[in-house]
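Student: fold the following.
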Amino acid sequence: MIVINESCINCDICEPECPTEAIAMGDSIYEVNQDKCVECEGYYDTPNCYVVCPVEAVDILQAKR
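Tutor: As a prediction, the model looks like this:
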């Protein structure tokens with residue numbers, strides 16, 4: 001499961017990098033729609049939002065099975 005934590009600075013880098021459009025602006029920070037998120041499986045080796053985040057605001061909590 002991918003989540004964006006409170007360290008998010010709303011830099012807008014992760015949203016366009018998501019291949020399934022699972023990232024969108026929430027009330028105060030970006031959020032990940034878990035129904036759409038595939039952790040970039042089939043697109044990248046590592047979740048791309050995690051790779052591009054400049055402030056380490058993306059947490060990988062557990063691997064999907």
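
Student: contacts and neighbour counts: CA atoms only from here.
Tutor: Will do.

Student: the closest residue to residue 10 other than its chain neighbours: how many residues sit nearby?
Tutor: Using Cα to Cα, 6 or more residues apart in numbering and skipping residues adjacent in sequence, the residue nearest residue 10 is residue 29, 6.0 Å away. Look at residue 29: counted by other Cα atoms under 10 Å, it has 16 neighbours.

Student: residue 29 against residue 6, yeah?
Tutor: Yes - Residue 29 is within contact range of residue 6, at 7.3 Å (criterion: Cα atoms under 8 Å).

Student: what's around residue 49, how many residues?
Tutor: For residue 49, using other Cα under 10 Å, the count is 26.

Student: and if you look at residue 52?
Tutor: Other residues lying near residue 52 total 13 when counted by other Cα under 10 Å.

Student: what are the ranges of the helices in this structure?
Tutor: 14-17, 48-52 (DSSP state H).

Student: identify the spatial nearest neighbour of residue 38, chain neighbours not counted.
Tutor: Nearest non-adjacent residue to residue 38 (Cα to Cα, 6+ apart): residue 20, at 7.6 Å.

Student: wait, what's in contact with the one you found?
Tutor: The contact partners of residue 20, by Cα atoms under 8 Å, 6 or more residues apart in numbering, come to 36, 37, 38.

Student: so among these, which ones count as buried?
Tutor: 37, 38 (16 or more other Cα atoms under 10 Å).

Student: could you list the low-pLDDT ranges of the chain?
Tutor: Counting by pLDDT under 70, the chain contains low-confidence ranges at 63-65.

Student: closest to the centroid, which residue in it?
Tutor: Ranked by distance to the mean C-alpha position of the chain (Cα atoms, centre = their mean), the top residue is residue 49 at 4.3 Å.

Student: against residue 42, how distant is residue 12?
Tutor: 23 Å (Cα to Cα, to the nearest Å).

Student: between the two, tell me which one has more neighbours.
Tutor: The neighbour count for residue 12 versus residue 42, taken as other Cα under 10 Å, is higher for residue 12 (15 against 8).
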